[in-house]
Structure formats: C-alpha cells, structure tokens
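>>> Next one to model:
(chains A and B)
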Amino acid sequence: MYINDTTLPEWLSLYLNNSHEHDELVNHSGLNPDHWDALFNRLSNLTAEDINSRAIEINQLLQNGNIKYESNQQCQFDPLPFMLSKDDWNSIEAGIKQRTTLLNKIQQDIYGEQKLLVDGSIPAQELFKDKSYLREGFSLPSNELKLFFTAVDIYRTPTGEFKVLADHCQCPLGLGVLLKSRIIARRVMAEEFAECNVQQIKKFLRAFQETINEYTHYMDDPRIVILTQGIDDPNYNEHAFLSTYLGYTLVQSADLTVRDGEVCLKSLQGLGKVNVILRWLPDSGIDSLEQTEYSLHGIPGLLQAVREDNVKVLNPFGSGILSSPAVQFNLDKLSHNLLQEPLLLGQRAYHDVKDADSLDLSTLELMSYQDPTFKLDGSTDAEAIKLAIHKDPEQFYLQDKPIFSSAPFWEGNKLVAKPIVFRCYALTTEHGVNVLPSALCFSIDDIHYPSISGGIKDTWIKTDGKIGIVEPHAITPVRKRRDVTLLEGVISSRTAEHLFWLGRYLERCENTVRILRIFIDRCTELSIYSDVMRQTIVTRLYTAIRTQHIVYPYVEQDLVLQDCSLEQAKNMAFELLGDEQCAGSIINTLKYLSNAAVQVQELLSYDSRRILDDIGVQINALKMSTANKSSRTLQSSLDKIIGAIMAFNGSIADCMPNSNGWFLLEMGHRVERSLQITSLSAALLTEELEESAEIGLLESVLTCQVSLVTHKRRYRMHQSIGTGLELLLLDAEYPRSLLFQLEQISLLCQHLPTKRRPGVIAAHEKAILLSKTTCYVTERDYLQKSTEAKRQQLVEFNHHIRSNLDTFCDVLLLQYFSHTQTANKLNWTNIEQAQS
Amino acid sequence: MKYKIKHSTTYKYADFVSLCQNQARLTPKTNHKQICHSSYIEITPSTSYLREYTDYFDNKVTVFEIAKQHKKLTVTMVSEVELLVKQGSNLSSFDMPWKDARDLLAEPKTRDLLKVSEFVLPSQLTPLEKGIQDYVLESFTPEMNLIEGCTSLMARIFHDFHYDPGFTTISTPLSIVFAQKRGVCQDFAHFALACVRSIGLAGRYVSGYIETLPPEGEVKLEGADATHAWFAIYVPNYGWVDFDPTNNVLPTEQHITLAVGRDFSDVTPLKGVVFGGGSQVLDVAVDMLRLE
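Coordinates of the predicted model:
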C-alpha cells in the first residue's frame, strides 16, 4: 500500500512502521487507499523540516486575524489533512441525511401532536423531566420549529463502520473553525489540495445563505443578525468570524429590544426591525420575560415576537430535546417507525443500570439523565459506578464506551497517533438535507469529554472529476449587493460606543508614549548637564505625570511641585509604562484598547486584526518585563508600541467607510487629543518662569504634540509662550491645534443622526460651538499675560474648553450610546393571605 | 352562582420606568366547573402593545408593553364568572383505589392521559423531599380510595400546619414549610402537590379567588377578598377535582379558578421586566361581587 516504502521520507515511514491497531492511515484505508496516496505522493518530497515549517506557518496564520481573548480556547491546526475516501463519504453523507430528516420529524412531533409519546416510542416521563423540553414551544407557530443547521459527531469503530457520538441541534459550534482551517489549508497546501481533487464547501455556504434569504425573500429590506453572548463567550471569535464571513451584523442581547411585538436593533439611527436572528445562545434563557429560567442574556418579549411571526429565530426553539437520552435511546426504533428503514449510521448501545451486574463494566460508561457533564468510566471507576447506581438507580444509564480510531498529528517534529472524531454539518432546506462535504476533524485529548480543543484537521473528500472553480482564498463576504448597502448604514449603539472609545484609547496611548519619551529625554539631559533650568523642567514634568495632570485621567487642580531624584524619575517612567496599578499607564491603555477592538472585531480588516495581535504581544511583553529595568529596554518598548499604534491607525485609515460608524473612531481621536492639548497647556504653561526654563517647557510640550519644528519655522524671529499657545490652541489651519480638532469634531457631528428640526442645534454641538468661538475670539497676548507670575486667563480658557468637552461626551453618551439601561424583574405578585 | 370580580394590581416605582414588558394570567378559565362570560383588562398608563395567547396549560395569557415613561402601573381585570354544578354531588361514584389511578398514569394510553401524566412529576417548587412520602402514605393506606385519601390528606394538612402569613415568601423552600409546618395557602398547595406526586398521582396547582364574607352585621370592605391557591388531583373518568387545604373544603361555591399549572411559577398572575424604576412597592386588591 501507499507508495513504495523506500521512497518515503523518514518522518512518514516511521509512523507507518509503528504498530497501530485502529488507525485511519494504517488500518482503515480500505481496499483502495487512493485518497491517502494522492496526498503522500506530494508530501513524500518534503522533509521533516518542511513539514515543521508548514506547521509553524499554519499556526501563525491562525493567530493572525484572530484576536486572542483570555478565555479563548487554543486549537492547533495540523499540517496533514484528514482524508476520507469517496465510498466512506457516500455512506456517511447518506447516513447524515437520513438522521437529520428523522430528527426533524421527531422535533415536529414532540412540539406538535406527540403521537410518538402516546404510542410509547419515546418515554413520555423521561421527556417531560428533561430540561430541554421547552413548554413555551407549543404556543409558537409550527413553521418556527423546523430544524435549520445541525451537526453530528462521528467516529470510526475498530471494525471500520461509522457511528454517531453526539448530535448538536441547538447551536452547532465549529463551522467558523472549519472555514478558517479550510482557508489556511488552501493557502499552505495549495498544490496538494488541487492534486487531491478535494470537494469544495462553497456551495454549502451559499445554500446556507440562500435558505436564510428564502425566509425574507418577500422583504425589500431584511435585516439578519448573529446573536452572541459577547466577548465572555469562549466561542466569541467564531461568532465574529462568521459575522464577517456571512456579512450579517453581530449583536449581543443588550443590542436588541422588543417593541410592539417586533425585535429591534438599537442603532445610532434609532430602532430598526430585525427579521432573522441566528442565535448562538442556548434557548433555555433566551426570553427573560416569558421563561422561568432568568438569564442576563435573555431578550424580554422575544418569544412573543416569534409567536406573532415577526422574527425568525434559527436554530428553532426547543431543538435541544433531540439530544436528550429519551430521544437518543430510541432512535433506531423511531427510524423504523417514522422512515420505515433502519438507521444507516449506528448508535452506541444503551443499557439499563438494572443489568449492570451482568455486564462487562470495563467497556461501558455511566451517564446521568440530569447532568450532561457527569460521566464515570467503567474501566477505572467500576466501584464508583456500583455505588452511584445503588444510591440512585433512577438517575443513571450505561452506554458503550466509544473506541476512537487514530490519525497522525504533527507534534514535536514527528507524527503522533491521536484518537479522532469528526463533526459533520447539515442544513435542512425546503428541498431536503444538504450535507457539508468536509468535516471538522479534531483530536480527543480528554477521552471523557470530547470537545474541539486539541488538534484540528481539515477534512478532504475526494471528488471523482476535476474541479473547475477555485475556492476563495481569503475571507470574502458572500452577500448580495442589496445587503451591502444596507449593512453599511447599520451598527448597534454598543458598537458605536466601542468605536468612539477605540479612537480615544489609540490617541491616549500615542500621547502617553510621547510624554514618556520626552520625560526620559529630559532626565538624560539633566544627568549629563545638571543645571537649574533643566532641573526645573524635569521637576515640572515629573510632577505633572505623577499627579496625573498630563496623563489620564487629566486631573485639573493646581500643580503642587514635587522634587525628585533621578532614581525616582526612572522608577516613575517604568510605572507609567507597565504598572497596572497606575490608571493612565501605557499597559492599561493598551488593555482597554484591545478590549474595545475585540468588541468591534467583526468590522476590522484582516490587516488591522494582525496589528492588534502585535499589540497583544506588547501587552504580554510589558507584563513580563518588570524585572528588567534598563532605559534601553524602556526606549525599545516605546518604539515598538508606537510603531504598532501607527500601523493600526494606518491600516484603518485605508479602509474606513464613513457611513459605517467609523467617524466615531475619528471623533474619539479628536476628543482625546483636544483633552491632551488643554491639559498640557494647563499643567505646564500657566506659570510664568524664568525665560529659558519657560521656553524649555514649551519645547517639551511642542515635542509631545509633534509641533516643535513647525513652531521654529513659523516663528523664526521670535519665540515665546505666546507664539506657542497661538500655534497649539488658536490656529484653525494647523492640523495639530486645539481649534483644528474642534472644527473636525464639528464636521464629524454631521454624521450623527439628528432628531432636531432644521435650524436648531443639539446640545453636544452647542458645547463644541462654544469652545470653537472662544478659540476664534481669543488673542495670544491675552493668554500669555500674567499677573503675579500666573497666567490666570490661560487657566480660565483651558477650564472653559475642558468643561465643554466633558459636556460634549456626556451628551453623546446619553443621546447615542444609551444602551446600558439595565432590565429589572418585577417582583411577582404574591398570593395574598386567604381566609383560614 | 355568578360573580363579578375586580382584581387590581398596582406597582409604584421610586424612579421613572422607560419601558416595561409584561405577561398577565388574570383571565379566569372556562372549564367543566365555570364559565367566564366576560373579561376586560384595563391598564394605565395605556399600552402600546396588547395581545393574548394560550399557554401550554391552556391558560389565557395577556401580553402587553408600555413604552412611555411612568412611575405607577395599574393593571385591573374585571371579569364575570358563572360557577356551574356543585362539585361533589355525585363525585363519590367516581372514586376508585388510588393504586389503580397510579397505574393508569404510569402508562398513559391517550393524549389526554399523557398530558395528565406530566403532573405526576415533581416540579421546581414541589421537589420530592425526604419524609414527604411517609407523610402522605398515612392517608393513602394500601386499600384506600383516591378521593377519600385525598380528603384525608387535606384535613391533615389543615390540622397539622399553622396558617402564618409572613413566615414564608415565594422563595422559601418546601423543606422549611414541611419542617416548621407553617405557611400560607400557596405553601400548603405546594406541599400537598409534593405529597400526591410522590406516590404517582397527578396533582396540579390552581390559582384563583375566594370570596370572603364579613362578620355578621358588618358591611363588606372593598378589596377585602383575596387571591387564593389550592390544588387539584386527577380522578380517572371524571377529571380534575379541587381540594383547598387552607380551609379544609372541597371548593364549590366560593372558589373561582384563574389558572392552572405545575406550581406557582406556571401561573404567576403578573410578571414583567422593567427598564429603570429602582425600588418598587406592590399593592393588590380583589373584590368579588355576587351577581345572583
């Protein structure tokens, strides 16, 4: 079998020559191992180093564009795909089609006539007890109960047949992972992919979208959303990926509200009707009004909207019951009953605990009816099983332990055999069941709880003919033109707020880095040329940073000077960089930044997400580097951070469609920069000092604002605090000036939907207009003037601008981002005292 | 016997509520014991959305939404209900050994029996606590008849338990009610349900109203009547039979059924989700007027 052994590279022959009992490659390739041969034909030219570099490339690609979040599960993509022969696939596909048809019929009956319960095909008592039997389902229209998108986990038994491990009829996970792995495999193994005539998955995804479109075909303006729990959900990345891939808006429960029996999205423009919800949330707590189980993620009134046929929820409500033991135990019987044919894909055998004594426990596992996470392995926990059965026989059942086949995974420079399961996906449409011609193959690291967490393989199924069409390499949203125009107008209020804050954090981070750089620079100068002027500058900068006047939260009180030694100055520099206790430190700002970015992940381009990964790396580096306190590492950290921030700004400036709420990001930038300019001039320029010290401080401020060169050029003849203030604050043409920022904010405000009648301006615009006017009518000499060494007029000017900016932000929050109002449950009316 | 019932529920909030969504189960049932001739719900402030649907247990549910700012919500249901034949007139002829009823429900052969069999299972508020089965078996001796046994159980709860408003709340677990032998009508109904279900009989929770009569010579006060709760058991070939353990009577002329379910959580008269509002004060008043 395979290619002549002598031509095989060592890494492959080593694996083949090891003893395997139940391996996909060695034992289950069947009579015709063509499907593996084609692959190894190609791979046999590669050395172990080649494979290794592929493995590394794959995992780098995987991380790119995949913002890691702390709870994110880590998957390893394997460089070798899992191969299934055409014959094997045909039998699997037929089995899945039959099974999905069967499950759909059962779902219809359970939430309908219940004939299967009356005739005893499904034990009624067990079903009624099951938590996933949702009684609310009975009041919904019957067409709301049809299955849509389901998954089934399949494994191969030692005798070579395929059996089902589990059905997923609620929110089948892993489609995003599968898509991602296919895109990567196509890129890294392009030649092998073509050579092996791999079946494509594009058609399935098109059918997926077409089926959704069919529900809304009569509408001009359908809105389809993907509902996720949010960034706390371990599968959030997948939801965001699917949202980008399919082109549907990603929403959380708080983004949706029910009004007049319709589900609405809270957007900047107000409330907009939602037509289809692809839910990636369990259905047991999806409506916090109607359902007894109260969930924070529920949308009060959702079920009434479904009942009124105003919204379509996919997958349908109540389908979790299909995975319950009451249904699963009896599937074979149900298949005969409903389809008049035996199940094509076998089930594991179930046993009553009463028979435990006569069974060989070592091949079985004990399961609980109530607790799906409970499991005891008969070969290791036989005593515990007997005890549990004795204590509460009603609660448990026994089932055959699955014996998984293994497949080769690349690990530590060699191939290692690991047990595998593969998850197949099916779509139920008007025209029948559609099976995705691939699968998500994953290694079972914890034999007790098979889950998608370890190694992942793309699954390749050979076609008979040649393939004409090339699959898309990267993420290109498959959507109709109509949807594109629609989507660009709509983002949720929550997303809008995160965009605004993302802009602010980006700007804040950049500013803090510049301040820190200038501070280190001045300290170094002082250590070389120690004089009074330099000491004054360092003391003032030190104080303004220490007391958080010129870094977040931009304290406004008068500066009380604190002297510092060089050692103290250095310590503070490190605090501002990497101390998580310090509110405005760079590490904290980066953390907020990356959080805000995760929240708008689905709107970011692939390149922007890659840069965010770099920022994540910087955060981790900062956490680690606290021990090594040399100025050199500090400077190089700052360089890397500012490099990443600039790259990120560049990557989004490139692809920033104004209509899509991106103007809020720009607005965030401008607001933060305005705050910085006022706080710098308030903290460092309001006291009159000896001239050289004063100019020295001004130059520091100008350097922070990247304006030193312009200032020198423009005011070649005479430079003073006055000229500096003019450039920094009052020049409407100069792009770094305060007035320029205010003008930009004014322009950006025009993108905000307004509810006012023409001719009347809104409160937030008034605040900006006031600030602008103040800048226009103020002269530089007026600001420069001091009495008793204090520039009181500059102090008041700064305060005025600052309070207007605060008003602006408050109004913005209230008018446009107010999605945070929390829902409270009414206390239930208590039964009053009866006469006794 | 015909009654006019007025049931008012008022919520007062500390702050403004901007939006509230509610579900009310305040429409009396029409069944073999009573006919609801008319019902009218009045809600202030006015609703922006009002619909009705029938739930899993055949109760009428009113769904409504108020989208304007308010600090006070009043929901008033006015209904006219006619009580039919006196329950119990020929009831005893349907009595049967309780074990036969149990066996019949163990393997339900029709859709109707199937629906009834669901009420054999313990529910969230009526868990099978230790000792409950021993308690109930004192009434249901092996040869005992169904209705007879249940009458005995009702009487024992009436005598053994102390009616003590304020001792329990909706979240007091049944085990405490059982251990302390104290509670209100709702607790007694839950306890009785846990009892009958523990021996394989079907029992359901009934929410409703009870008419109160003023002491001799006094005028009846407005709002003096009360919402009430009791339980029913399923008697094969007859249907559901009500028992009121709080008053030790088989409800006949003074009990009006509002809704039925597995326990209180299925029949909550009024529930809702409000946005804003802060702390809230609740007031309930019920009036039952005999029309004929």
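>>> Domain-wise, how is the chain divided?
I went with chain A, as the question did not name one. A:62-348+A:402-485, A:491-816 (automatic domain parsing).
>>> To clarify, I was referring to chain B.
Using automatic domain parsing, the domain parsing of chain B gives B:2-83+B:268-290, B:91-266.
>>> Any idea which of these gets closest to A:Asp233?
domain B:2-83+B:268-290 (22.3 Å; Cβ to Cβ). Using the backbone N, CA and C atoms, a C-beta is placed for each residue, glycine as well.
>>> quick check, stretch B:188-199 touching chain A?
No: judged by Cβ under 8 Å from any Cβ of the partner chain, stretch B:188-199 and chain A are separated, with a smallest distance of 8.9 Å.
>>> average pLDDT for that stretch?
Summarised as a single mean, pLDDT over stretch B:188-199 is 96.
>>> again with stretch A:606-624
86.
>>> thinking again about what came up before, determine which of the domains of chain A approaches B:Arg204 most closely.
Nearest to B:Arg204 among those is domain A:62-348+A:402-485; the distance by Cβ to Cβ comes to 13.5 Å.
>>> quick check, that closest one touching chain B?
Yes: using Cβ under 8 Å from any Cβ, we find that domain A:62-348+A:402-485 touches chain B at A:113-114, A:117-118, A:120, A:124-125, A:128-129, A:135-136, A:138-139, A:257-261, A:288-290, A:292, A:300-301, A:304, A:307-308.
>>> Show me which of the residues you listed are buried.
Neighbour-count burial (16 or more other Cβ atoms under 10 Å in any protein chain shown) applied to those gives A:114, A:117-118, A:124-125, A:128-129, A:135-136, A:138-139, A:257-261, A:288-290, A:300-301, A:304, A:307-308.
>>> Which members of those are positioned in strands?
Among these, the members found in strands (DSSP state E) are A:257-259.
>>> before we move on, back to that, could I get the domains of chain B in JSON lines, plus columns for mean neighbour count?
Compiled in JSON lines, these are given as follows (neighbours: other Cβ atoms under 10 Å in any protein chain shown):
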{"stretch": "domain B:2-83+B:268-290", "mean neighbour count": "18"}
{"stretch": "domain B:91-266", "mean neighbour count": "19"}
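>>> Tabulate those (JSON lines), appending distance to A:Arg279.
As requested, those are exported to JSON lines (distance: least, Cβ to Cβ, whole Å):
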{"stretch": "domain B:2-83+B:268-290", "distance to A:Arg279": "19"}
{"stretch": "domain B:91-266", "distance to A:Arg279": "24"}
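>>> for whichever residue of the stretch 101-250 of chain A sits closest to chain B, what are its contacts?
Proximity of the stretch 101-250 of chain A to chain B (Cβ to the nearest Cβ) peaks at A:Arg135, 4.0 Å away. By Cβ atoms under 8 Å, 6 or more residues apart in numbering or on different chains, the contact set of A:Arg135 is B:55-56.
>>> Tell me how far it lies from A:Leu805.
Distance of A:Arg135 to A:Leu805, given as Cβ to Cβ, to the nearest Å: 54 Å.
>>> before we move on, what about A:Arg670?
Using Cβ to Cβ, we find A:Arg670 at a distance of 10 Å from A:Leu805.
>>> Same question for A:Ser379.
Distance from A:Ser379 to A:Leu805, by Cβ to Cβ: 68 Å.
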